[in-house]
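Participant: What follows is a predicted protein model with its sequence.
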Amino acid sequence: MKMTKWQKFKKRLLIIFKEIPNTITNVLVPFVSVLGLILGLIPGMPTTVISFLKMLEDWLYNAAGTAKHIEEITGKHVVK
């Protein structure tokens with residue numbers, strides 16, 4: 001079945017809207033990582049703080065991945 005121009009546009013728009021939170025989380029991951037490093041160097045810093053930052057970094061890394069969603073929409077493999 002051939003897709004109409006509107007259906008193609010709608011799918012592309014959906015991808016763009018899903019990429020916005022993905023981009024935000026991708027930018028935040030290095031900042032949280034560096035913050036964890038800096039706070040880890042401070043003597044007496046509770047390990048719970050470092051552990052929380054590591055958990056936050058991992059969550060941000062996995063939070064808004066879009067590769068699988070793009071593959072579903074386009075039918076093409078995007079992750080190598």
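Facilitator: Done, it's in.
Participant: Please count neighbours and contacts with C-alpha atoms only from this point.
Facilitator: Fine.
Participant: What's the first helix or strand after the longest helix anywhere in the chain?
Facilitator: For the chain, the longest helix by residue count, based on DSSP state H, is helix 5-41. On the C-terminal side of helix 5-41, the closest following helix or strand by DSSP states H and E is helix 47-63.
Participant: how about that following helix: buried residues?
Facilitator: Of all the residues in helix 47-63, those buried under the rule 16 or more other CA atoms under 10 Å are 50, 53-54, 56-57, 60-61.
Participant: what's that helix packed up against?
Facilitator: Judged by 3 or more CA pairs under 8 Å, 6 or more residues apart in numbering; DSSP states H and E, the packing partners of helix 47-63 are helix 5-41.
Participant: and the helix it packs on, what's its mean pLDDT?
Facilitator: Averaging pLDDT along helix 5-41 gives 88.
Participant: And it, what's buried?
Facilitator: Residues 15, 18-19, 21-22, 25-26, 29, 32-33, 36, 39-40 are the ones in helix 5-41 that count as buried (16+ other CA under 10 Å).
Participant: Can you lay out those as TSV showing distance to Met3?
Facilitator: Listed next are the buried residues of helix 5-41 as TSV, based on distance: CA to CA, whole Å:
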residue	distance to Met3
Ile15	16
Lys18	21
Glu19	22
Pro21	27
Asn22	27
Thr25	32
Asn26	32
Val29	37
Val32	42
Ser33	43
Gly36	48
Leu39	52
Gly40	53
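Participant: now for stretch 57-71, what's the gap between its first and last residues?
Facilitator: When the termini of stretch 57-71 are compared using CA to CA, to the nearest Å, they are 25 Å apart.
Participant: The closest residue to Leu53 other than its chain neighbours and Pro46, how far apart?
Facilitator: With CA to CA, 6 or more residues apart in numbering as the criterion, Leu53 has its nearest non-adjacent residue at 5.9 Å, and that residue is Gly36. Distance, Gly36 to Pro46, by CA to CA: 12 Å.
Participant: same deal with Phe9?
Facilitator: Computed with CA to CA, the distance linking Phe9 and Pro46 is 50 Å.
Participant: check contacts around the residue nearest to Gly40 when sequence neighbours are not counted.
Facilitator: Excluding the flanking residues, the one nearest Gly40 by CA to CA, 6+ apart is Ile50, at 6.4 Å. By CA atoms under 8 Å, 6 or more residues apart in numbering, the contact set of Ile50 is 36, 39-40.
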